[in-house]
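**Student:** Sequence plus predicted model, see below.
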Amino acid sequence: MGGPQTSPCALPARAWWGDQLVASSTGTVRVDRDGEAPLLRFPAADVRFDLLPELTDPAPGYELQGDWVTFDHDRARVELEDGATVKRFPTWGDAADLIDMLDVRPVGDGGYVSVTRADWRRPVVDGSQMLAQALVAAGRHAPGRRAVSAHMVFMRAGDARSPLRFDLDELSTGRTFTTLAAHVSQDGRAIAHGTLLLDATAPDVIRHAVPAPDVAGPEGSEPYDMSVTGRDLRIVDGAYTGDPDAPVGPPVLDAWVRFRDVPDDGYLHAALMAQFTGHLSIAAGLRPHEGIGQSQAHRTLSTAINAIALSLHGDVRADRWMLYRHRSTFAGDGMTHAECRVHDEDGALVASFSVDAMVRRFAGGGEASDDRTAL
């Protein structure tokens, strides 16, 4: 914990007051604050004060501090131009922040620790994030071998404000395979446990794969804002909204995902692919059911990923489009199960994964709000 952290925002930014553009700048500064929504400071020279209420107004909706202006996000709409898409500010952060978080640091004796970056709305660690971090730790432990299987069970919720520790136990190693147990803890408490299998790989004896689904490509799919810049997300047929009043459909969600500016590190590419495995499988299970939507999660519905089993079938390029097909095959008894696949932009199958999750009524209830808390 500490004071506010400032950093230049690399993306063009705009602020709207109603339907009027009141600020446009390439020189904004992001201010991250512990436990609070981040702010975006606009240079005062880039703000149209003639279109805004006077500062003498009891609630002008913006604040002028020296040469900088910040807007009240409840009064003004602040946007970032993120490539071909627009992201609503405040955002969780950038793909570079996510990569930094996934790139766990060695601390000796088979241990690794993560850096932190909390979400002010709900500072809980995604299970798929821990799976992705374990993949990076395993790759650092056994360089030159590719993870081919990873399974993790999540026993407790992790606090995104505190570092996670990953301890690897080498269960076996040979000329081709390495098997690791991964123990995830936080402040001395067990959070998750998994096993990972890494392989030196070998030439094909046989090869076949399930073909990619015949769906619209990324350019023909609808952009969706999950509050992370530097990551493109497109939903096929606009099938995911999180709205409980959205039309029902089959228990399938197809999404195209691509990250920009990924380091030339195969473990980080695989980790970025794995990190998204926990994002839409529950939503696929909710889709056939009227009056139920993912925007109710953590408000009137208690939802969580309990386990993910991931098989990697080849090298991953997270800076190219990846098609995730999420198919929920069962929902009942407070649980859902999804069987999912990831194809690259050429249609090759690069990964398969299954997700077991809970969906239960939340006794606390509360008002649902838009679902931008998932990373």
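**Tutor:** Looks like it arrived, so ask away.
**Student:** so which helix or strand takes in Leu40?
**Tutor:** Leu40 is part of strand 36-43 when elements are defined by DSSP states H and E.
**Student:** Tell me which other helices or strands that strand touches.
**Tutor:** Counting contacts by 3 or more CB pairs under 8 Å, 6 or more residues apart in numbering; DSSP states H and E, strand 36-43 packs against strand 13-17, strand 20-25, strand 29-33, strand 68-71. Just so you know, the C-beta spots here come from the backbone N, C-alpha and C atoms, and that holds for glycine as well.
**Student:** among those strands, which is nearest Glu222?
**Tutor:** Closest to Glu222 of these, according to CB to CB: strand 13-17, at 20.8 Å.
**Student:** Doesn't Met101 lie inside a helix?
**Tutor:** Yes - assessed with DSSP: H, G, I helix; E, B strand; the rest coil, Met101 lies in a helix.
**Student:** Can you tell me the number of residues neighbouring it?
**Tutor:** Using other CB atoms under 10 Å, Met101 has 22 neighbouring residues.
**Student:** mind listing what it touches?
**Tutor:** 114-117, 129, 133 (CB atoms under 8 Å, 6 or more residues apart in numbering).
**Student:** Kindly provide the distance from the nearest residue to Gly144 once chain neighbours are set aside to Ser149.
**Tutor:** In space, and not counting its chain neighbours, Gly144 is closest to Ala200: 7.1 Å by CB to CB, 6 or more residues apart in numbering. Ala200 sits at a distance of 14 Å from Ser149 (criterion: CB to CB, to the nearest Å).
**Student:** now do Thr6
**Tutor:** 42 Å.
**Student:** Look up which helix or strand Gly194 falls in, please.
**Tutor:** Applying DSSP H and E, one finds Gly194 within strand 189-199.
**Student:** Tell me the strands beside that strand, with direction?
**Tutor:** Sheet pairing for strand 189-199, assigned by DSSP bridges, gives strand 146-154 (antiparallel), strand 177-186 (antiparallel).
**Student:** ok, and what's touching it?
**Tutor:** Against strand 189-199 from outside (CB under 8 Å, 6+ apart): 125, 127, 130-131, 134-135, 138-139, 142, 145-158, 164, 171, 176-185.
**Student:** Name the residues of the biggest helix by length in the chain that are buried.
**Tutor:** In the chain, assigned by DSSP state H, the helix with the most residues is helix 127-141. Across helix 127-141, burial judged by 16 or more other CB atoms under 10 Å covers 127-139, 141.
**Student:** Many thanks, I have nothing further to ask.
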